[in-house]
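Undergrad: Here's a sequence, model it:
(2 chains)
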Amino acid sequence: MRESILLKGLTRYYNSFLALDNFSLSVKWNEDVALLGPNGAGKTTALKILCGLLRPSAGEAYLAGVNVMEERERAISNVGTILETPEFYQFLTSDETLRYVGRLRGMSGRKLDNRIGEVLKLVRLEKWSNVKIEKFSRGMKQRLALAQAMLHDPPILILDEPSLGLDPRGMMETREILKEARKKKTVFFASHLLTEVAQICKKVAIIDHGKLRAYDDIGRLKKKYRSFERAYLKLTEATI
Amino acid sequence: MSEFEKLKVVTKYELLKQFRRKRFYGALAITVLVIILIIGLYQGLDLLRRIGIPEQLISQWGPELFAMFVTSMGALAILAAVFFAGDAIASEFESKTGYILFPNPVKRTTIVVGKYLACFIATATIIITAYLISVGALLAFYGQVPVGIIGSLALMLMLACSIISLAFAFSSILKGGMGATIATLLTFMVVFTIISSSLAYAGYDPWFMPDRAGDAVASTYGLPLEQLIGGFGFGGPMMGGMMRASQDPTLSFFVLLAYAVVLFGISILVTKRREMI
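TA: Now for the predicted structure:
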């Protein structure tokens, strides 16, 4: 299987609203691809289908060659995710939350203890490990979301606006973490921030009104449209 | 990792969540206070003689009558079960915690079963505490515990199961946890009661209604309920019919079990189909 992520003709309606229109995309192993588009373009819908949280009206989605609709649990075991702006159980601490999801992903004992320490340090929450999440700020929850996505060291990361709600330092740190992660993992993330996309990824899929408008190297798009910004505006039907 | 192992993990952490919530300790405190109050009123006011229970019945069935009074707190079990279960599923969608829980290699069925077990354990903790206090009072006042209290406890736990299932069904269908909680309370305490009363007035035996079946928690002590009803001053064919209908604890147990299984099955099916939109 050459593709880590494969979307084939995904179509999704919300009542009569067409959110995804025959959307197809393939991401090779260890590629880093951004799904870029304006608000309401269909980015989150595509990611939710990929994670088995939504069913497509038509089409198929594969993770590591496993059909998400047919074998959701097996497909999702290869993935770490951040979707929308996740919330956590207020009554648990970050350590307990990570232990909960870690156990569900088959981790246990010393391996889990060590890994929890590593990811909390990575997102700079090690001093907050035994504090209940009800005391966390929006940015701290986003950091914890990144920690839980990376906890089981998955080969594929699917992230929806991973730096949303973070302060400038948090945004920079998240980008550094993702830059490091992309060396060994497939990173597929949705964003509408051009600067973030250009910093983290080499390749971009531009989506608008549920359709794939372009899927290419950022460098090639820059050359073709004179700048990345121009490429984005042209392909999303806006004017300069 | 087997699905059973995952079920243990879900149950453990869902239970941890329940035990960290103030509502658990609130429900526990209210239950203990109500039981102590019932015991105090029963003993302090000499309640049975005041409401006209014949002396012969009191001397013959003293411990059983006491046990029936203090363990007839089905409303508390209903409240505890509803408050623990109402938001169990709906909150995952409403509060967006499902974005962390659902994208894990665990079946939705396992998650729902784990949540159910956690809610049941939390509710059972409160119910068993109430029964233990009742047992303590029985030993203190009468030096004996009627064997019927075991059947009463079993029925109360089954009543809790059926109410948790009803709450889970609403929680899986409705958008909000508060809506599911209110819908469960209204259904059990108003809708079911109206249906049961209407059936009884029309001369039909409402043995298949969960609220009526729940009344059987008081009929496991072998008490002559029709004589007691006469003592309470109600009487009449309708009331006698209603009490007879709730006098078969075994039938009531299976009625409640049927509601618990069917409603829980519905909640699993709906949750499996439900999308995180």
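
Undergrad: Is any residue of stretch B:18-36 near chain A?
TA: Yes. Judged by Cβ under 8 Å from any Cβ of the partner chain, stretch B:18-36 and chain A are in contact via B:Arg20, B:Arg21. Where C-beta positions appear, they are placed from N, C-alpha and C, glycine not excepted.

Undergrad: buried residues in that stretch?
TA: B:Gln18, B:Arg20, B:Phe24, B:Ala27, B:Leu28, B:Thr31, B:Ile35 (16 or more other Cβ atoms under 10 Å in any protein chain shown).

Undergrad: Hmm, B:Val135 and the last one touching each other?
TA: Which is B:Ile35. No. With contacts counted by Cβ atoms under 8 Å, B:Ile35 stays clear of B:Val135, the gap being 11.0 Å.

Undergrad: Ramachandran coordinates for the residue nearest the centre of chain A?
TA: Against the mean C-alpha coordinate of chain A, by Cα atoms, centre = their mean, the closest residue is A:Leu159 at 1.2 Å. With angles defined as degrees, to the nearest 10, A:Leu159 sits at phi -130, psi 130.

Undergrad: who does it bridge with?
TA: In this entry, A:Leu159 is beta-bridged to A:Ile82, A:Phe189, by DSSP bridges.

Undergrad: Next: A:Lys132.
TA: Beta-bridge partners, per DSSP bridges, of A:Lys132: A:Thr93.

Undergrad: I'd guessed it sits against A:Thr93; true?
TA: Yes. Counting by Cβ under 8 Å, A:Lys132 touches A:Thr93, with 5.6 Å between them.

Undergrad: So between those two, which is more surrounded?
TA: Ranked by neighbour count (other Cβ atoms under 10 Å in any protein chain shown), A:Lys132 and A:Thr93 place A:Thr93 first, with 20 against 17.

Undergrad: Contacts only, for that one.
TA: A:Ser129, A:Asn130, A:Val131, A:Lys132, A:Ile133 (Cβ atoms under 8 Å, 6 or more residues apart in numbering or on different chains).

Undergrad: Distance of B:Phe66 relative to A:Val33?
TA: In this structure, B:Phe66 and A:Val33 are 72 Å apart, going by Cβ to Cβ, to the nearest Å.

Undergrad: And B:Leu199, by the same measure?
TA: 63 Å.

Undergrad: Contact residues of chain A facing chain B?
TA: A:14, A:48, A:51-55, A:73-74, A:76-77, A:79, A:81-89, A:91-92, A:96-97, A:100-101, A:103-106, A:145, A:148.

Undergrad: Kindly report the residues of the stretch 1-150 of chain B close to chain A.
TA: Counting by Cβ under 8 Å from any Cβ, the stretch 1-150 of chain B sits next to chain A at B:1, B:6, B:9-10, B:13, B:16-17, B:20-21, B:95-107.

Undergrad: returning to that earlier point: check what pLDDT the residue nearest to the centre of chain A gets.
TA: Note on A:Leu159: pLDDT of 94.

Undergrad: how far away is it from A:Ile133?
TA: Counting by Cβ to Cβ, the gap from A:Leu159 to A:Ile133 is 20 Å.

Undergrad: What of A:Thr195?
TA: 30 Å.

Undergrad: So if I had to pick from those two, which one is more boxed in?
TA: The neighbour comparison of A:Thr195 against A:Ile133 (other Cβ under 10 Å) goes to A:Ile133, with 19 against 12.

Undergrad: any low-confidence regions in the stretch 151-277 of chain B?
TA: B:226-247 (pLDDT under 70).
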